[in-house]
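J.: The sequence and its predicted three-dimensional model are supplied below.
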Amino acid sequence: MIRTSIAAAVALLALNASAAMTKAEETTFLKERFSQLQNGPHPRFLKGSDVAGIKHAAQNAVERKGGLTNMTRVFSPGGAFSTETFSKEDANGKSLLKDFQQAALGTNMLHFVEATAEAAFAYQVNPANPALLREVEKRIDMFGDPILARQCKEGKALPTDGEISGSNYYRRDYVWYFALAYDLAYDGLSPAYRKKIVEVINSCVELAGVPTLRNFNKVSYSNTDSNSLAKFAAALLLVRGDPNLSADALAILEPASIAYITSLPVFGGPDGGYANSSAYSLYDTASYAPVWDVFDRVLGYSPYTQKDYVKFLPQFLFFTLPPGSPAGAFGDYAELPMAEDRGRLMRALFNRYFSDITRWFVKQEREIDPTLAPKGDTARLDFLLSPSENTTAPALPSPYLGYYFPSVGVTAFHSDLTRKDRLTVLFRSSPYGSVNHAHKDQNSFVIYNKGKILASDSGVTADYGHAHRLNWAKKTKAHNAITYTDANGVSGVGQEISNDAYGRETETGKIVNYNNGGALGPSLSTATQVKYDIVTGDATAAYGTANVGKALRTLVYVRPSTIVVIDQLQHTTGRKWEYNLHTVVKPELTSTNAANNEALVNVDGVTMCVKVRSPHAITRADPLENYPGDAVPPAPTKETPKHWWSKYVYNDGSKEGLFVSVFRMDCADAPPVGEENVTFSSGTNGSNVTVKLPTAQVLLTNGVVTVK
């Protein structure tokens, strides 16, 4: 595999200069590759000079050797997940296996199936240890026999998942992990075990391949089908040439590969952006990396160099999950600090790139948390199968300050990405709506400072059918966004065109203005010259009703430490508008004067003062701790942050809505004593606003926000 670099000027990506192929060119290229495809020797996954060090690292590098040792210990008799313990002694293991045999599946079962390929890798590295090969064979029997007995059909999964007998949620991984085990342990497996693996692949692909391809070509945003096609295709590339591979299964290889590659990505774009939350991007994209490796090494098509989305994916992670970031943002898993995932998935992904940026990123993570290595589960395949890390000292990158990812409607502003004590402001107004792992959070934002969460996403990631997801985490009110009362005065109406767990493509936002640097600074290159960043999102469509005529939010980051947010709203019949703010501590009022509703947010000594104003009378409701009774979350983990919900509400209904909020980090940039920094005046298009700060003024004049 060829390691590629992020563009030298990563924050100034010029997509117009991209050499990426068009869809038609990709199709032609891939058809040519298939016409020339040969059945090479095994292991095909470990092919090429760039991956020659994988086995060496597993045998010699301290961390990887430790990971491999832990893996082989797991497979030894009496180990936590050994066949003996799993199938004979452990009550939970026996129950899980019985459920699996009866097709009553649980998500944890995939880890046991994955261990088939893990054992094969351990054998590939230590072929002199016959116990590892026996482990592969035992798991082929343990899982292969039930899969074949039910012809790869699935019954009910977890109770909240509903009936999934027609889905590929599990079978795509049966196919992928069995094929990987076949390839890595090929030389040691008997013809009978190779045949059983291929029969499992035949059964699953013959059942699901053609319907999945048909559905993928018909339904947009079908990430499950995209994932399935990718794993089916990669698996077939690894076992192609086996005499037991059926013609029907083989027939899906070329069209599945072409459909997946030419449509990549389903939830993103050529700037590397990923729509289903910055946090979930790690889970999704890192799991694809070994699949991309197969396309690279076996088919001769490298997504790392020939697909802009893959090429620039580290850029999205660099700006939205910078080193030391306390959490992700905008979607499932956004509430977690993800230390283990950074230690495993981010390094597994970034090791496939070769640049100062990616190496610097990993180095910073280690310096921020020296215990990161143990937190990363180094005994997992996604880490052990990645190329070894380049340990040479990387150059310090330029002080990149911000980036706009138009493909997914996300902006990221930072005081300085090279500093661990940075201020980070993330904003989302996305054309991808709220489908899949994204939320109904158009025009929402989060604020982190000095490693602390000051304005947070709220909610705990829960199964799709869980009440917490349906009644809270997915909804607009769970985010730093605008809601309003309905005709009956019931609060919390947001971007819920539908009240389902999956979301809607139509619940969209769009960024209508973005300016990094603006008129106050002659250059975009240095922290001292860039004075402010500004972004405007339009979430009108997300509210899904003709009655909402305007839902504009403009966020201005006035450097170095102040954020101003201006919301312009319209409703045809008038509503009580609601400004929602979520924090991990209770905001305390800084004054007994109700008119001065400025509140202090203090997280372990890192402070933020927030003031919300409107030309209409508003009331700050007492902040509420935790979640409503109909949205009790799953059992929280020690990593799940606490939650306080503040809400600023119009006292009376109004057709026009206007909120102005000012966030001051460390409570700095205050106006002179006795002066108000937010004032309103009449304009031809509603109220005008002046926000006075020590170094700048933010103005709303006849509907247009400017800075001077």
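T.: The structure has been received and is ready for your questions. Numbering: from 1, shown residues only.
J.: From now on I want contacts and neighbour counts done on CA atoms only, so please keep to that.
T.: OK.
J.: who touches stretch 276-291?
T.: 230-231, 234, 267, 274, 316-317, 320-321, 327-334, 341, 345-346, 348-349, 382, 385-386, 436-438 (C-alpha atoms under 8 Å, 6 or more residues apart in numbering).
J.: okay, how far is it across stretch 452-466, tip to tip?
T.: 29 Å (C-alpha to C-alpha, to the nearest Å).
J.: nope, stretch 632-646 is what I meant
T.: End-to-end for stretch 632-646, by C-alpha to C-alpha: 18 Å.
J.: in it, what counts as buried?
T.: Neighbour counts over stretch 632-646 (16 or more other C-alpha atoms under 10 Å) mark Val632, Pro633, Thr640, Pro641, Lys642, His643, Trp644, Trp645, Ser646 as buried.
J.: do the same with stretch 29-48
T.: Leu30, Lys31, Arg33, His42, Pro43, Arg44, Phe45, Leu46, Lys47.
J.: do stretch 538-554 as well
T.: 538-544, 548-554.
J.: which one of those is nearest Ser226?
T.: Using C-alpha to C-alpha, the shortest approach to Ser226 within those belongs to Ala542, at 25.6 Å.
J.: In terms of model confidence, name the weakest of the buried residues of stretch 538-554.
T.: Lowest pLDDT among these: Gly544, with 91.
J.: what bits of the stretch 501-650 of the chain have low per-residue confidence?
T.: Judged by pLDDT under 70, the stretch 501-650 of the chain has its weakly predicted residues at 516-529, 592-596, 637-639.
J.: And the strands in it?
T.: Assigned by DSSP state E, counting those that start in this stretch, the strands in the stretch 501-650 of the chain fall at 510-516, 532-538, 548-558, 562-575, 577-583, 588-589, 599-603, 606-613, 618-625, 644-650.
J.: Adjacent strands (with direction) for the last one?
T.: Strands flanking strand 644-650 in the sheet, each with its direction: strand 577-583 (antiparallel), strand 618-625 (antiparallel) (DSSP bridges).
J.: Check the fourth one too.
T.: Applying DSSP bridges to the sheet, strand 562-575 is found paired with strand 548-558 (antiparallel), strand 654-665 (antiparallel).
J.: re earlier: among the contacts of stretch 276-291, name the ones in strands.
T.: Using DSSP state E, no member of the contacts of stretch 276-291 sits in strands.
J.: Buried ones among the residues you listed?
T.: Buried residues within the contacts of stretch 276-291, counting neighbours by 16+ other C-alpha under 10 Å: 230-231, 234, 267, 274, 316-317, 320-321, 327-334, 341, 345-346, 348-349, 382, 385-386, 436-438.
J.: Can you tell me the SS state at the residue lying closest to Leu207 once chain neighbours are set aside?
T.: Excluding the flanking residues, the one nearest Leu207 by C-alpha to C-alpha, 6 or more residues apart in numbering is Cys152, at 7.5 Å. On the three-state scheme (DSSP: H, G, I helix; E, B strand; the rest coil), Cys152 is labelled coil.
J.: contacting residues around Cys152?
T.: Arg171, Val200, Ser203, Cys204, Leu207.
J.: Ranking helices and strands of this structure by mean pLDDT, which lands last?
T.: Using mean pLDDT, DSSP states H and E, the weakest-scoring helix or strand in the chain turns out to be helix 372-375, at a mean of 49.
J.: Next up, the contacts around the closest residue to Asn390 other than its chain neighbours.
T.: Using C-alpha to C-alpha, 6+ apart and skipping the chain neighbours, the partner closest in space to Asn390 is Arg359 (7.1 Å). Counting by C-alpha under 8 Å, 6+ apart, Arg359 touches Phe350, Asn390, Thr391, Pro394.
J.: Most neighbours among these, which one?
T.: Phe350 (24 neighbours; other C-alpha atoms under 10 Å).
J.: what's the nearest residue to it if we skip its chain neighbours?
T.: Nearest residue to Phe350 in three dimensions, chain neighbours excluded: Thr358, at 5.8 Å (C-alpha to C-alpha, 6+ apart).
J.: my guess is that neighbour contacts Ala348, does it?
T.: No. Contact criterion C-alpha atoms under 8 Å: Thr358 and Ala348 do not qualify, at 11.1 Å.
J.: returning to that earlier point: out of the buried residues of stretch 538-554, which is nearest to Ser415?
T.: Nearest member of those to Ser415, counting by C-alpha to C-alpha, is Thr554, at 18.7 Å.
J.: Distance check, that closest one against Gly465.
T.: 34 Å.
J.: for Glu389, same thing?
T.: For Glu389, the distance to Gly465 - C-alpha to C-alpha - is 40 Å.
J.: Neighbour count for the two, which is higher?
T.: Glu389 (19 against 16).
J.: For the nearest residue to the more buried one once chain neighbours are set aside, grab the count of nearby residues.
T.: Setting aside the residues directly before and after it, Glu389 is nearest to Asn351 in space (C-alpha to C-alpha, 6+ apart), at 5.7 Å. Counted by other C-alpha under 10 Å, the residues lying close to Asn351 total 20.
J.: How confident was the prediction at Asn351?
T.: pLDDT, read off for Asn351, is 83.
J.: Give the other helices and strands that the helix of greatest length in the chain contacts.
T.: Ordering each helix of the chain by length in residues (DSSP state H) puts helix 191-218 first. Packing partners of helix 191-218 (3 or more C-alpha pairs under 8 Å, 6 or more residues apart in numbering; DSSP states H and E): helix 130-149, helix 171-184, helix 223-239, helix 247-251, helix 253-263.
J.: any idea of the angle the second one forms with helix 130-149?
T.: Orientation check (axes from the mean of the first three to the mean of the last three C-alpha atoms, to 10 degrees): helix 171-184 against helix 130-149 gives 140 degrees.
J.: Give me the residues contacting helix 171-184.
T.: So helix 171-184 is in contact with 42-45, 110, 113-114, 116-121, 123-124, 136, 140, 152, 189, 194, 197-198, 200-201, 204-205, 227-228, 231-232, 234-236, 238-239, going by C-alpha under 8 Å, 6+ apart.
J.: for the shortest one, same thing?
T.: Around helix 247-251, the neighbours that count as contacts under C-alpha under 8 Å, 6+ apart are Ile201, Asn202, Val205, Glu206, Gly209, Leu236, Arg240.
J.: want to throw the residues you listed into JSON lines with pLDDT?
T.: Below are the contacts of helix 247-251 laid out as JSON lines (pLDDT from 0 to 100):
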{"residue": "Ile201", "pLDDT": "98"}
{"residue": "Asn202", "pLDDT": "98"}
{"residue": "Val205", "pLDDT": "96"}
{"residue": "Glu206", "pLDDT": "96"}
{"residue": "Gly209", "pLDDT": "93"}
{"residue": "Leu236", "pLDDT": "98"}
{"residue": "Arg240", "pLDDT": "98"}
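J.: Go through those and say which is closest to Lys363.
T.: Leu236 (36.7 Å).
J.: And for the closest residue in space to Phe267 that isn't next to it in sequence, the neighbour number?
T.: Distances taken as C-alpha to C-alpha, 6+ apart place Ala275 nearest to Phe267, at 5.3 Å, with adjacent residues excluded. By other C-alpha under 10 Å, 30 other residues sit near Ala275.
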